[in-house]
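*Asks:* only the shape, not the letters, is given here:
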């Protein structure tokens, strides 16, 4: 029976299942100087939890950097791959505003764990923004976990609302 089932599936389908099912998810990271330290801790947290962080602002810290540049780098990768990103600046607000200027990005400020969860569940956010000058590392990790582990609900009301955003 198993052999018949395997024969019924196309070889492409089997390859797709074997290649993608258990592969770690790439998460794109970016930060300005005020978010750099927290970004490094989030990067370690992601590695420990079997994600593949791709750091688009690896350093060294530059006090003259601009958060819109970090937002643009991460947003471009998220749009290119359909993946998820995490952006960090001092308050989380500036980098979130910058990311949301880019069509197709739905960046949400993760100020607590519920906000992180609802950003994915109701808004299908593709970027989580965190406040590097405000959040303690362990709480930022908890917010990140809620964001990454929550799927979009697929409820019609949420789809309708996202459609009204134009992204």
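*Replies:* Received it, and whenever you're ready, just let me know what you need. Everything numeric here is computed off the predicted structure, so don't read it as measured data. Residues are numbered from 1 along each chain as shown.

*Asks:* ranges for the helices of the chain?
*Replies:* 2-8, 11-20, 36-48, 67-81, 93-100, 113-121, 137-149, 156-165 (DSSP state H).

*Asks:* which intervals of the chain have sub-threshold pLDDT?
*Replies:* For the chain, the stretches with pLDDT under 70 are 1-23, 167.

*Asks:* if I look at residue 152, how far off is residue 80?
*Replies:* Remark: distance between residue 152 and residue 80 (Cβ to Cβ, to the nearest Å) = 20 Å. To be clear about C-beta, it is placed using only N, CA and C from the backbone, and glycine gets the same treatment.

*Asks:* related to what we said a few turns ago, most tightly packed of the helices of the chain?
*Replies:* Among the helices of the chain, ranked by average contacts under mean count of other Cβ atoms under 10 Å, first place goes to helix 93-100 (a mean of 22).

*Asks:* run the angle between that helix and helix 156-165 for me.
*Replies:* If you take axes from the mean of the first three to the mean of the last three Cα atoms, to 10 degrees, helix 93-100 sits at 80 degrees to helix 156-165.

*Asks:* what does helix 93-100 rub up against?
*Replies:* Here helix 93-100 makes contact (Cβ atoms under 8 Å, 6 or more residues apart in numbering) with 30-32, 35, 67-68, 70-72, 74-75, 85, 87-89, 105-109, 127, 129, 131.

*Asks:* please state the offset of that helix from the chain centre?
*Replies:* Averaging C-alpha positions (Cα atoms, centre = their mean, to the nearest Å) puts helix 93-100 14 Å from its chain's average.
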